[in-house]
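Peer 1: Sequence below, structure please.
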Amino acid sequence: MDKYFEKGMCFLTWRKLMMLRFAFRFCFVVSVVVLIGCSSAPSKNVRAGVVGVEYTRSLPDQSYVKNLPQEVRLISRASTGKSVAMQVGVNVLSLALGGEVGGQGFSKNELRGEVISDVDDRDNVRNPVATRFVSRVKDVVNESVATNPEWKSKVFVNPILVGGGSAALVYESLLGDDELFRLKLFLEVYKRKEARGFSFSGPYEVVDCSTETESPRVLSEWSSNDYVLVKSELASQLDRCQGMVIAQLDRLLAN
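Peer 2: Coordinates of the predicted model:
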């Protein structure tokens, strides 16, 4: 009798675990839909000749960045090692629960990395995409709109969205004696076509500002003078992005 009771309890526990896994996945999907929906909302208080420019963690392909980018982070070989170890742990737990081992890999560019801790002036590793950069793009876009007779009289319901914006020092290779890093920016500026109106998807006009420094450097070069090179290189990348947005403003603002 005890034997059957134990089997019954194990079955009930298993059902609870499966229900919890389903609930977690359902909540995750709902959160993604809500996040994308919020980023798709038209600008409030729209008026002729003014284009809204807003930051969003959502991207045109309906993916999104999990964390608001506030600082440049460090993705080292050790970051990959930790991620691999974590994935192994997840697979072991999945097997223990009777699930399947996931075979999905990951890109080093998708890792969150670590905080750059050995810096005195944290402004040198500040990521201004969601704050100062958005404000700056809004100013230059509307300055251009003000000089265009057609745009001055047009009402733009859908805002220009500055999406993603993560920046990191990313290791070049797992091989070699010297660990080299490039500063990488993952950023897309996009806008839904006005004729589409409000929806949870495109079509979008996209300016892909994602870029990386031309040559990799050892970490000691990046960290020299309190990481001032990181600040200057990121500023150059964002200046380039701003120029690309203005150069393609006709396409972004077209119906």
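Peer 1: Correct me if wrong: Tyr190 contacts Asp61.
Peer 2: No: with contacts counted by CB atoms under 8 Å, Tyr190 stays clear of Asp61, the gap being 10.1 Å. In short, each C-beta sits where N, CA and C put it, glycine included.
Peer 1: Tell me which of the two has more neighbours.
Peer 2: The neighbour count for Tyr190 versus Asp61, taken as other CB atoms under 10 Å, is higher for Tyr190 (19 against 11).
Peer 1: Am I right that that one is in a strand?
Peer 2: Yes: if the criterion is DSSP: H, G, I helix; E, B strand; the rest coil, then Tyr190 is within a strand.
Peer 1: So for it, what's the pLDDT?
Peer 2: pLDDT recorded at Tyr190 is 98.
Peer 1: now do Gly37
Peer 2: With respect to pLDDT, Gly37 has a value of 49.
Peer 1: Flag the shaky bits of the stretch 151-255 of the chain, pLDDT-wise.
Peer 2: Per-residue confidence for the stretch 151-255 of the chain (pLDDT under 70) gives these ranges: 176, 196-202.
Peer 1: try 80
Peer 2: For the stretch 151-255 of the chain, the stretches with pLDDT under 80 are 175-177, 195-202.
Peer 1: Phi, psi for Gln237 please.
Peer 2: The phi and psi torsions at Gln237 (degrees, to the nearest 10) take the values phi -60, psi -40.
Peer 1: What residues are bridge-paired with the nearest residue to it once chain neighbours are set aside?
Peer 2: Using CB to CB, 6 or more residues apart in numbering and skipping residues adjacent in sequence, the residue nearest Gln237 is Leu185, 4.8 Å away. In this structure, Leu185 has the following beta-bridge partners (DSSP bridges): Ala167, Thr211.
Peer 1: In this structure Leu185 contacts Glu212, no?
Peer 2: Yes: Leu185 lies in contact with Glu212 (CB under 8 Å); the separation is 7.2 Å.
Peer 1: Which residue ranges of the protein form strands?
Peer 2: Secondary structure of the chain (DSSP state E): strands located at 53-56, 73-75, 114-115, 160-171, 180-192, 204-208, 211-212, 217-218.
Peer 1: Can you measure across stretch 109-127, start residue to end residue?
Peer 2: Taking CA to CA, to the nearest Å, the span from the opening residue of stretch 109-127 to its closing residue is 17 Å.
Peer 1: pLDDT on that stretch, on average?
Peer 2: Mean per-residue pLDDT for stretch 109-127: 93.
Peer 1: what's next to it, contact-wise?
Peer 2: Counting by CB atoms under 8 Å, 6 or more residues apart in numbering, stretch 109-127 makes contact with 66-67, 69-76, 79-80, 83, 165-170, 184, 186, 223, 226-228, 230-231, 234, all of which sit outside it.
Peer 1: So for that stretch, what gets flagged as buried?
Peer 2: In terms of neighbour count (16 or more other CB atoms under 10 Å), stretch 109-127 has its buried residues at 111, 113, 116, 119, 124-127.
Peer 1: dump the residue contacts of Val51.
Peer 2: Taking CB under 8 Å, 6+ apart as the definition of contact, the neighbours of Val51 are 138, 141-142, 145, 156, 159-160, 253.
Peer 1: how about the nearest residue to it once chain neighbours are set aside, phi and psi?
Peer 2: Beyond its immediate neighbours in the sequence, the residue positioned closest to Val51 (CB to CB, 6+ apart) is Phe156, lying 4.8 Å away. Backbone dihedrals for Phe156, given as degrees, to the nearest 10, come out at phi -100, psi 110.
Peer 1: Could you report the neighbour count for Phe156?
Peer 2: Around Phe156 sit 22 other residues, with neighbours defined as other CB under 10 Å.
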